[in-house]
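**Student:** Got a predicted structure plus its sequence, pasted below:
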Amino acid sequence: ALTMRLLPTVGAKTLARNMSGYDLNKKGTALGERRVPESGGLAAGCAYAVALTMQQLCQRGIRWWFGQSASGTNAWALEQNSALACVGFMIFLGFV
């Protein structure tokens, strides 16, 4: 749902900044002359990063509520933070 909400916004902003291309497979048709926004994956990557962050916060809260020790939370938190860092680097390095 978040991705579907972000796609039109990201598409409009990238078109406004001339970050667009043309669909080469439709060359010679009317659709081939239409500009296509380049960074649609930015919306999906940001939505995934937000969802992963919210899931991690909820998981921390549940573990805290049920009194699990802090040492037990470090293993899953390390894996999720690593995944979040990879997605963040993919988004921002691919976007530049």
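**Tutor:** Ah, there it is.
**Student:** Please identify which helix or strand holds the residue in the chain sticking out farthest from the centre.
**Tutor:** What lies farthest from the middle of the chain is G28; by Cα atoms, centre = their mean that is 33.3 Å. Using DSSP states H and E, G28 is not contained in any helix or strand.
**Student:** how far out from the middle of the chain is the lowest-mean-pLDDT helix or strand in the chain?
**Tutor:** Least confident helix or strand of the chain, by mean pLDDT, DSSP states H and E, is helix 70-95 with a mean of 79. Distance, stretch centre to chain centre, for helix 70-95: 13 Å (Cα atoms, centre = their mean, to the nearest Å).
**Student:** cool, and stretch 87-96?
**Tutor:** On Cα atoms, centre = their mean, the centre of stretch 87-96 falls 9 Å from that of its chain.
**Student:** same deal with stretch 59-71?
**Tutor:** Using Cα atoms, centre = their mean, the offset of stretch 59-71 from its chain centre is 27 Å.
**Student:** Low-confidence ranges, this structure, go.
**Tutor:** For the chain, the stretches flagged by pLDDT under 70 are 69-74, 95-96.
**Student:** buried stuff in the one helix or strand M54 maps to?
**Tutor:** Using DSSP H and E, M54 sits within helix 40-65. Across helix 40-65, burial judged by 16 or more other Cβ atoms under 10 Å covers L42, A43, A44, G45, C46, A47, Y48, A49, L52, Q56, R60, R63. The C-beta positions use only the backbone N, C-alpha and C, and glycine is treated the same way.
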